[in-house]
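**Q** below: sequence and its predicted model.
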Amino acid sequence: MAKIVFIQNLWFECLGTMYLSAELKAHGHDCEVLIGRNAADVLDSIEKYALT
């Protein structure tokens, strides 16, 4: 099982990201979508996700 993080800077749902996440989850992978302007904005969330 892989842990996958999608980082996007848009504050609305992107269909491509949603489709990829759904397909990966259907095959047993763990996915998360984080929204922020840059990686520094979501760094804390990435670290927490990596530890779970």
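**A** Structure received. Residues are numbered from 1 along each chain as shown.
**Q** list the contacts of stretch 23-38.
**A** When contacts are defined by CB atoms under 8 Å, 6 or more residues apart in numbering, stretch 23-38 is touched by residues 1-11, 17-18, 20-21, 42, 45-46, 49. To be clear about C-beta, it is placed using only N, CA and C from the backbone, and glycine gets the same treatment.
**Q** give me that answer again for 7 Å
**A** Here stretch 23-38 makes contact (CB atoms under 7 Å, 6 or more residues apart in numbering) with 1-9, 11, 17, 21, 42, 45-46, 49.
**Q** residue at max distance from the center of the chain?
**A** Ranked by distance from the centre of the chain (CA atoms, centre = their mean), the top residue is His27, with 15.9 Å.
**Q** tell me the confidence at that one?
**A** pLDDT recorded at His27 is 96.
**Q** and it, how far from Leu20?
**A** Using CB to CB, to the nearest Å, we find His27 at a distance of 11 Å from Leu20.
**Q** and the helices in the chain?
**A** Under the criterion DSSP state H, the chain contains helices at 15-26, 39-51.
**Q** need those in TSV (columns: distance to Val33 and mean neighbour count).
**A** Output for these, formatted as TSV (distance: least, CB to CB, whole Å; neighbours: other CB atoms under 10 Å):
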stretch	distance to Val33	mean neighbour count
helix 15-26	6	12
helix 39-51	10	12
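**Q** rank the ones you listed by mean pLDDT and give me the bottom one.
**A** Looking at the helices of the chain, the bottom one is helix 39-51 with a mean of 82.
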